[in-house]
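K.L.:
Got a predicted model here, sequence first, then my questions.
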Amino acid sequence: MKYSYFPGCSLKGLGRAYEESLLPVMKHLGVELEELEDWNCCGATAYMAVDEAKACVLAARNLALAEKRGDMPIMAPCAACYLVLNKTKHYFHDYPAMKETMDRALGAVGLRYSGDTPVRHPLDVLINDVGLEAIKQKVRKPLKGLKVATYYGCQLVRPYATFDDQYNPTTMDRLLEALGATIVRYPLKTKCCGGSLTGTVPEAGIRMVYILLNEAKKRGADCLATVCPLCQFNLDAYHAQVTSQYGSVLVPTVYFTQLMGLAFGLAEGGLGLNRAAIPFKWRPAAAESPKPVAA
Amino acid sequence: MASSAKMLMMEIQRTIKYDADRVKGFGQEVMKVPGCEQLEGCIQCGTCSGVCPLSIYMDYTPRQVMALTRADFKNEVLKSHTIWLCASCYACTVECPREIRITDIMYELKQRAIQEGFYPKRFPIPVLAREFSEMVKKNGRITEMLLVMKLFLKTNPLAALGNWRMGIDLMKTGRFSLATEKIKQRGDIARMLDATDAKKGA
Amino acid sequence: MNTNVNNGEIRIGFYICHCGHNIAAMVDCPEVAKYVEKLPGVVLSRDYKYMCSDPGQELIQKDIQEFKLNRVVVASCSPLLHEHTFRGAVEAGGLNPFFFHMVNIREHDSWVHTDRQEATEKAKALACAAIARVAFHRALEVKKVPIHPDVLVVGGGIAGIHAALTLANAGKKVFLVEREPSIGGHMAKFDKTFPTLDCAACILTPKMSEVGSHENITLWSYSEVTKVDGYVGNFTVTVKRNPRYINEDLCTGCQECISNCVYKEPKFLDEFNEGLGKRKPVYIPFPQATPQVVLIDPEVCLNFKRGVLTDKCKKTCVEACGEKKAIDFKQKEEMKEIKVGTIIVATGFQAFDAKRIPQYGYGTFPNVYTALEVERLVNASGPTGGDVILRDGKHPKAIGIIHCVGSRDKKTNRWCSRVCCMYSLKLAHLLKEHTEAEIFNFYIDMRTPGKSYEEFYDKLLEESVQFIRGRVGEVTDWAMTPEEEGKLVIRVEDTLAGFVRRIPVDMVVLSTGLEPQADAQAVRRLFNMSCGSEGFFLERHPKLAPVNTFTDGIYLAGACQGPRDIPDTVAQAGAAAAEALVLIDTGYIEQEPNTAYVLEEECSGCKSCIPLCPYTAITFDEAKEKAVINEALCKGCGTCVASCPSGSIAQRLFEDDEIFSEIRGVLAH
């Protein structure tokens, strides 16, 4: 299993813990990731606000580069990148005028996009390509006793719910349950975290973060598990503002890949756990004896 | 008489919309954008506002913005807070019973507002969008910390100081990086973006 | 080939109609008439203002006699409108009506042109073609197909019941086939009906009882139609009677077997009560069931194992039944074959499955109900005896009724289900009566189209029900304030007041819409009907023929044709019965003689045509090894004619020479 790995700007910046935990976990499972050579920013939500055609063109460059590398799907862990790449693919197929613009812009730099490269998310790859059985086999330190509120956010399931249910996604739930964790019922699992509004319009953004953290705490979660670097940043880094406005609701927010790393017994230092502002102190119990290797 | 005018504590405002307040054709123009034709079929049911997490902060709810857009009230729409408060969570788009791509219409309205300068000078959201796009055009990637700093400098420098605790946290956890992220083929980005402009209105 | 010709000479009369302005505005009629005058075979060529009028028709009759015409062509509107009229006029003039041909220069010409010259040229070409064709017309006779007087009504809801009673009272023998163990349909489940607030059971059961005891109605409940053969007036229908394991003729409905069943307490989900109550393996669907006969469910009865008889139970039921000996565990399904002349399909609707909208929480939160479930809750003979007590044992203090669930939505059902606003108002009223709760109705538009319906809405407004215009996006158990803890919260934009609201309620009622039954496609194929794009059975014409289908002899009644309320359903059922009576009392039906026929000497017996016929009108005569076409079934679609590899099938009114001459006529101009 080989994929073109598209980190996106965030995984090299504020979301570096996501990459730090994703890469060893994938390696451990035998999934080969090749970072897409000279990838550019996908445009995320900000570029769409400036010019839709240009935003699609930016994303299309990455799709074209991936195609050049051969028959490998693109894997985009960041939910915003995942959405933009998917959207661009849809626009390419559904709107001829947009396709023409993309063809023209890519042609100007000698690239071509045929519209075929699949765009995948790590959750999708883990559940559907690797499979829960194979993942269960690698668990050395089950996450027994850890109560997790899975938080998918918006962009992974809306508007294109390609590999999970739009209203009640369960891929991450099933994955973490396979690792031994207990999933608490969390009705806000797809409610928006506010995106960039925490920085630009804090009166609205901070409150949205507070609502998510508060409900997780009420439901007895030990942590929130996320798939998006911006969600993780919002839920984690703004704790001072949240506390000063609403009181303390400190629930640590981790990437699901970090929990996977812990369950697999991988080197803790390499999982980026020390990058969080609200520290995640829970650790699974001592390692179990290694399971017999599958025939 | 002067004394009774002084006693009047409420500030009243006369609001009536004349036909001249409409910018005829605005609605049709917006609906020409791919995916936005469905706006014709809006039944004003209010589901979009009902599910929108930000609608409680908006001056016009998403449903009202749809009505105003369709009715050609360009100035009211582009001056609203709504289009900037939209977080693109797509909740409205997936719930709309007429399958109107409301989020994409919001994007379209944001783009027009930026193009035509319909926002106060230091309003952070369009400034962020502009800085973002310029950084991408120049370097091919964005460096988040640099972007955030630029944003604060250009809109509200004092607010940056208010976030000092977060700054410390990020530095302590190694997420505070100011090293510019660049791609190798930077010229490609500019060339592609210019080629996109080349034949607009196709 | 040609018959009824004087001295072999073709004498054609041509008439072009102005149709007021409809044709004359675009087509220069006098010019066309002058052009046609010169064509071969044309004896006279007139243009006239309104050909379909009495003077117009009399003109044709007069001309036929005076000028000894043996062919008539009228160029005017669509044949669908007036071909029948003109054929009648021609016949009245003494000529075989099939020596008439009609040209459409309105829908096909005048109405689709903006250039007068182009339109006139096209009219000339069409007229030329018609003149060339009509020369080859042969005399034809309409066929009379006899109609069997018995009627089959499929579906025992209020539509089927009313249709059956109307026909039975007119003296006709009716077979009423119903899939459920009792007739009554959805109406039997309702508590009260809008706008009169009549008790549904009180107005329905007398009719049900009448059906059960009517000498002209054979009621086969717990039965299904499995095969329909034949054609209008002569249908052969196979009905499968499912085994109740009770002999219907011997059971008196005393229900001693139920009281004495080895199951002391009812354990199994009760279908009639929408799963809110329980029943035993031997049960009667509801107290007023017709027929008043119990039945046994082999899936759960201890005397069976997964539907197969094991005979291992104590059978206290048999003991309790005693002398009557009505229980028969050995009963098998029975196939019955009947002959009927007309069929009325009244199979009803199915309620939209609320699970398809997970945002409303049906199935996730115990206190979210569908409208049908609430009908059973408030009903005095329902599972709670009319006490509105929720699944978690609470009595609701606040109730939210959500309109348009599944309807008016491109993602589920595009249409408006017509009755939900009214029944939502009714449920609000009933819930107000049965509880002390505060009631909210969330709607998009308030649709009250019937007689006294708007006044019913007024009544509800006076009862202090709160109406909020806003389509609900989400029902959630996430509480933001202390008052919301433990409640279901409805978040909605109150579009009229102009702000977003969060309303905590104890109970949510989903006003689910109406949609076609799950097996609508299978049923329509059985009866050779069409469905519309939404899946409801298709009527012949939405305004002028709402109960007829495109298959002669098969009629529609009730919600299977589209969502409707009880008054309209009963009206439609009466209409369907009337249409059936037209055929039955006339005794025969006239068939358009545009049927295909096999040229026996040329048929090679290759059988290619047989599977192609959409009306299954072609069979194979094994003895002669030739294809045989049943003219009564043939609809003249022409498929077999076109497909026959040896060209041995021809079609009346569309013979090869007729078609080719028409083409030549167009090209000649």
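P.N.:
That came through, no problem.
K.L.:
Report the central residue of chain A.
P.N.:
A:Val227 (3.0 Å; C-alpha atoms, centre = their mean).
K.L.:
who's in contact with the residue of the stretch 451-600 of chain C found nearest chain A?
P.N.:
Closest approach between the stretch 451-600 of chain C and chain A, counting by C-beta to the nearest C-beta: C:Trp478, at 4.5 Å. Just so you know, the C-beta spots here come from the backbone N, C-alpha and C atoms, and that holds for glycine as well. C:Trp478 makes contacts with A:Pro187, A:Leu188, A:Glu215, C:Val489, as judged by C-beta atoms under 8 Å, 6 or more residues apart in numbering or on different chains.
K.L.:
so of the residues you listed, which ones are in strands?
P.N.:
C:Val489 (DSSP state E).
K.L.:
And the helix or strand bottoming out on mean pLDDT in chain A, what does it pack against?
P.N.:
Across the helices and strands of chain A, mean confidence by mean pLDDT, DSSP states H and E is lowest for helix A:44-48: a mean of 85. Judged by 3 or more C-beta pairs under 8 Å, 6 or more residues apart in numbering or on different chains; DSSP states H and E, helix A:44-48 is in contact with helix A:52-69, helix A:79-94, helix B:124-139.
K.L.:
Least confident of these, on average?
P.N.:
Lowest mean pLDDT of the helices and strands packed on helix A:44-48: helix B:124-139, a mean of 88.
K.L.:
Once you drop chain neighbours, what's closest to the residue most central in space within chain B?
P.N.:
With distances taken as C-alpha atoms, centre = their mean, the residue of chain B nearest its centroid is B:Trp84 (3.2 Å). Nearest non-adjacent residue to B:Trp84, counting by C-beta to C-beta, 6 or more residues apart in numbering or on different chains: B:Ile125, 4.4 Å away.
K.L.:
Let me see the contact set for that neighbour.
P.N.:
A:Ala49, A:Ser196, A:Thr200, A:Val201, B:Trp84, B:Tyr119.
K.L.:
who wins for most neighbours among the residues you listed?
P.N.:
A:Ala49 (29 neighbours; other C-beta atoms under 10 Å in any protein chain shown).
K.L.:
quick one: it and B:Glu144, what's the gap?
P.N.:
17 Å (C-beta to C-beta, to the nearest Å).
K.L.:
quick revisit: now, the contacts of B:Ile125 that are in strands?
P.N.:
Short answer: these have none in strands (DSSP E).
K.L.:
Nearest to chain C among these?
P.N.:
Distance to chain C, by C-beta to the nearest C-beta, is smallest for A:Val201 among the contacts of B:Ile125, at 17.3 Å.
K.L.:
My guess is the closest one contacts B:Leu85. True?
P.N.:
Yes - with contact defined as C-beta atoms under 8 Å, A:Val201 counts as touching B:Leu85 (6.5 Å).
K.L.:
what's the overlap in contacts for those two?
P.N.:
B:Tyr57.
K.L.:
quick one: secondary structure of the residue of the stretch 451-600 of chain C closest to chain A?
P.N.:
coil (DSSP: H, G, I helix; E, B strand; the rest coil).
K.L.:
Give me the nearest residue to it, chain neighbours excluded.
P.N.:
A:Pro187 (4.5 Å).
K.L.:
ok, the one you found touching C:Asp477?
P.N.:
Yes - between A:Pro187 and C:Asp477 there is a contact at 5.9 Å, judged by C-beta under 8 Å.
K.L.:
what's near enough to touch A:Lys54?
P.N.:
A:Gly43, A:Tyr47, B:Ser133, B:Leu193, B:Thr196.
K.L.:
Among those residues, which one is most surrounded by other residues?
P.N.:
A:Gly43 (29 neighbours).
K.L.:
Could you check the pLDDT of it?
P.N.:
Reported pLDDT for A:Gly43: 85.
K.L.:
Grab the nearest non-local neighbour of it.
P.N.:
A:Ala55 (4.0 Å).
K.L.:
Could you measure from the one you found over to B:Glu134?
P.N.:
A:Ala55 is 14 Å from B:Glu134, by C-beta to C-beta.
K.L.:
For the two, indicate the residue with more neighbours.
P.N.:
A:Ala55 (27 against 14).
K.L.:
Could you measure from that one over to chain C?
P.N.:
Between A:Ala55 and chain C the distance is 27 Å, computed by C-beta to the nearest C-beta, to the nearest Å.
K.L.:
Could you list the domains of the chain?
P.N.:
Using chain A. Annotated domains of chain A cover A:2-122, A:133-275 [automatic domain parsing].
K.L.:
ah, no, chain C please
P.N.:
C:12-140, C:256-324, C:349-515, C:596-652.
K.L.:
Of the ones you listed, which is nearest C:Thr166?
P.N.:
Nearest to C:Thr166 among these is domain C:256-324; the distance by C-beta to C-beta comes to 17.5 Å.
K.L.:
What parts of chain C come near chain A?
P.N.:
Residues of chain C lying close to chain A (C-beta under 8 Å from any C-beta of the partner chain) are C:Pro358, C:Gln359, C:Thr476, C:Asp477, C:Trp478, C:Met480.
K.L.:
Determine which two of those residues are furthest apart.
P.N.:
The widest separation within the residues of chain C next to chain A (C-beta to C-beta) is 21.1 Å, between C:Pro358 and C:Met480.
K.L.:
Mind checking if the helix or strand hosting B:Gly187 is in reach of chain A?
P.N.:
In the assignment (DSSP states H and E), B:Gly187 maps to helix B:186-198. Yes - residues of helix B:186-198 are located near chain A by C-beta under 8 Å from any C-beta, namely B:Asp188, B:Ile189, B:Arg191, B:Met192, B:Leu193, B:Asp194, B:Ala195, B:Thr196, B:Ala198.
K.L.:
Tell me what angle that helix forms with helix A:52-69.
P.N.:
130 degrees (axes from the mean of the first three to the mean of the last three C-alpha atoms, to 10 degrees).
K.L.:
and the angle for helix B:186-198 with helix B:124-139?
P.N.:
Using the same axes, to 10 degrees: helix B:186-198 against helix B:124-139 is 120 degrees.
K.L.:
and helix B:186-198, what does it pack onto?
P.N.:
Helix B:186-198 makes packing contacts with helix A:52-69, helix A:96-107, helix B:124-139 when contacts are defined by 3+ C-beta pairs under 8 Å, 6+ apart.
K.L.:
Briefly note if the shortest one comes near chain B.
P.N.:
Just to be clear, that refers to helix A:96-107. Yes - interface with chain B: helix A:96-107 contributes A:Ala97, A:Met98, A:Glu100, A:Thr101, A:Arg104, A:Ala105, A:Leu106, A:Gly107 (C-beta under 8 Å from any C-beta).
K.L.:
Out of these, which comes closest to A:Glu19?
P.N.:
The closest of these, once distances to A:Glu19 are taken by C-beta to C-beta, is A:Leu106, at 27.0 Å.
K.L.:
So what's the gap between the longest helix belonging to chain C and the chain middle?
P.N.:
Using DSSP state H to define each element, chain C has its longest helix at helix C:566-586. The chain centre lies 12 Å from the centre of helix C:566-586; the measure is C-alpha atoms, centre = their mean, to the nearest Å.
K.L.:
partners of the following helix or strand past that helix, with directions?
P.N.:
Downstream of helix C:566-586, the first helix or strand assigned by DSSP H and E is strand C:588-591. Sheet pairing of strand C:588-591 (DSSP bridges) gives strand C:143-146 (antiparallel).
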